[in-house]
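K.L.:
coords please:
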Amino acid sequence: MADVPVGSLHHVEIWVPHISRAQEEWGWLLAELGYEQFQEWPEGCSWKLGGTYIVIEQSTALTGSTHRRTEPGLNHLAFHAGTRENVDRLRELGADSGWYEMFESKYPHAGGADHYAAYLVNTDGYEVELVAG
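P.N.:
I've put the predicted structure just below:
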């Protein structure tokens, strides 16, 4: 795509310890955010929104089985989630789909007084931040 700005995100690949669980949890969240399933193979799958796609894969090259967001590497992904009402809705529905609230006592301003967001973590310890526009 010739009109894609230099520096814009092309894709993110997340290695997961349990592909079937990850497909369910990430699939629910990404579908709610407007992503459509893009590719699928025995060890992984992807979802696409515009020119960006997100891949989850249970690679045979994994050297561990636990993701720790507090260790060097990826801490979290932050997504634009639309209105405050939509952030509230995703926060409420998340636990039914494997996404659990973080910083519950500070909701919706855990990121600061002028920042409306839900912070969720899934079964495998991956964190997302859902930010109201």
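K.L.:
In this protein, spot the helix with the most residues.
P.N.:
Longest helix in the chain by number of residues (criterion: DSSP state H): helix 19-32.
K.L.:
who does whichever helix or strand comes after that one touch, helix- and strand-wise?
P.N.:
For helix 19-32, the following helix or strand on the C-terminal side (DSSP states H and E) is strand 36-41. On a contact count with 3 or more Cβ pairs under 8 Å, 6 or more residues apart in numbering; DSSP states H and E, strand 36-41 meets strand 44-49, strand 52-57. Heads up, the C-betas are built off the backbone N, CA and C, glycines and all.
K.L.:
need the ones you listed in CSV with distance to residue 115 and mean neighbour count, can you?
P.N.:
Below are the helices and strands packed on strand 36-41 laid out as CSV (distance: least, Cβ to Cβ, whole Å; neighbours: other Cβ atoms under 10 Å):
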stretch, distance to residue 115, mean neighbour count
strand 44-49, 22, 18
strand 52-57, 22, 19
